[in-house]
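>>> A predicted structure for the sequence below; I have some questions about it.
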Amino acid sequence: MTDLTIQSGQVIERVLSMELVRVTERAAVASAMLRGRGNEKAADQAAVDAMRRELNKLPIDGEIVIGEGERDEAPMLFIGERVGNRKGPKVDIAVDPLEGTTLCAKDMPGAIAVMAMANAGTLLYAPDVYMNKIAVGPGYAQGVVDLDASPEDNIHAIARAKGCKPHEVTALIMDRPRHEGLIAAVRKTGASIRLITDGDVAGVIFTTMPEKTGIDIYLGIGGAPEGVLAAAALRCVGGQMQGRLILDTQEKADRAFKMGVKDPVKKYDMSEMASGDVIVSATGVTDGALLAGVRMGKDVIETETLVYRSITGTVRRIHGEHRQFEKFKLD
């Protein structure tokens, strides 16, 4: 890494790390106001509005490279949108203002507000499509698993690397009909599976702390935006991840090509999805294994946020108590 890259990263860290916390806190609180009300779109829109408002206060010249969709599909935080006051460093931004809209609407565990920021040109610029993914946490030899290997081979590889039997391995997979074959293949090895309904950014992060979460490997197809955000988080704490965009129609392939994706079947590794100095902030909306959700007290709003930074490998868990209750909701 060059001195220039390090210097630029230090500028981002010094000025903006805590500001990113403010961004995800506001998005989390805005969506938490609508927990359990059954309206996914309203909760997501509230998070988008709050995140966009806070991003535009920051001293950055930012571009959304992973967002709520492309320009014609999303009114705010679309891919290619410029944010910030244009008076600071040029940065790439990936956002998921409310990961787990259904979880929030039903007040189920695991909804979060999450974003990543990195030096300009270092986050994967890709359309809002699906991505096939595989991820493991730190401590394994490089290449221990591979996206192109069979699920059985990957489970056996993790078992060998851990020094255990396959039945002692736990895989996390999203509970979707498209994963029926994958689930059957993993269960054939004797490994256990934890199924999740939503939240695959947090799902990938779970692999970094198997002693707490019990998750050894993430497998399956989810959103490409979530894939880039997850890769950014893994860059900060260690681990391995591979992903491949699913461009199964000409329209998707054309959109990807316009964004600079020259090889439609390219297998991206973690550093190709998120390179340079990366900062990730995630705030809990509903209670989950990763983060506590927003607490609405009489006079205080409480939040819990994780902040990751790749250049230092630091993870900070921040408990926020916000006493200007009405101002916090409306600013």
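Okay, I see it. No experiment lies behind these values; they were computed from the predicted model shown. Residues are numbered from 1 along each chain as shown.

>>> which stretches of the protein aren't confidently modelled?
By pLDDT under 70, the low-scoring segments of the chain are 1-15, 70-75, 324-331.

>>> and the residue nearest the centre of it, what does it touch?
Nearest to the geometric centre of the chain sits residue 229, at 3.2 Å (CA atoms, centre = their mean). By CB atoms under 8 Å, 6 or more residues apart in numbering, the contact set of residue 229 is 66, 94, 96, 99, 114, 115, 116, 201, 280. To be clear about C-beta, it is placed using only N, CA and C from the backbone, and glycine gets the same treatment.

>>> ok, so what distance separates the residue nearest to the fifth one when sequence neighbours are not counted from residue 18?
On the basis of CB to CB, 6 or more residues apart in numbering, the spatially nearest residue to residue 114 that is not a chain neighbour turns out to be residue 282, at 4.1 Å. Note on residue 282: its distance to residue 18, by CB to CB, to the nearest Å, is 14 Å.

>>> and the two? which has more neighbours close in?
residue 282 (28 against 14; other CB atoms under 10 Å).

>>> surely the more buried one is within a strand?
Yes. Counting by DSSP: H, G, I helix; E, B strand; the rest coil, residue 282 falls inside a strand.

>>> tell me the contacts of it?
24, 112-115, 201-202, 205, 233, 290-291, 305-306.

>>> again, only this time at 6 Å
112, 114, 306 (CB atoms under 6 Å, 6 or more residues apart in numbering).

>>> and those residues, which is closest to residue 179?
residue 112 (21.9 Å; CB to CB).

>>> hang on, that closest one packs against residue 99?
Yes. In this structure residue 112 lies within contact range of residue 99 using CB atoms under 6 Å: 5.2 Å.

>>> and the two? which has more neighbours close in?
More crowded of residue 112 and residue 99, by other CB under 10 Å: residue 112, with 31 against 28.

>>> now do the helices in the chain.
3-32, 40-55, 101-105, 151-162, 180-188, 200-206, 210-213, 224-237, 250-258, 270-273, 325-330 (DSSP state H).

>>> any chance of CSV for these, columns distance to residue 129?
Below are the helices of the chain laid out as CSV (distance: least, CB to CB, whole Å):
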stretch, distance to residue 129
helix 3-32, 23
helix 40-55, 19
helix 101-105, 18
helix 151-162, 22
helix 180-188, 19
helix 200-206, 14
helix 210-213, 28
helix 224-237, 5
helix 250-258, 5
helix 270-273, 14
helix 325-330, 34
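
>>> so which of those comes closest to residue 127?
Proximity to residue 127, assessed across the helices of the chain by CB to CB, is greatest for helix 250-258 (4.4 Å).

>>> between that closest one and helix 224-237, how big is the angle?
Here helix 250-258 runs at an angle of 40 degrees relative to helix 224-237 (axes from the mean of the first three to the mean of the last three CA atoms, to 10 degrees).

>>> need the contact list for residue 233.
205, 280, 308.

>>> please indicate which of those are buried?
Neighbour counting by 16 or more other CB atoms under 10 Å classes 205, 280, 308 among these as buried.

>>> alright, calling it a day.
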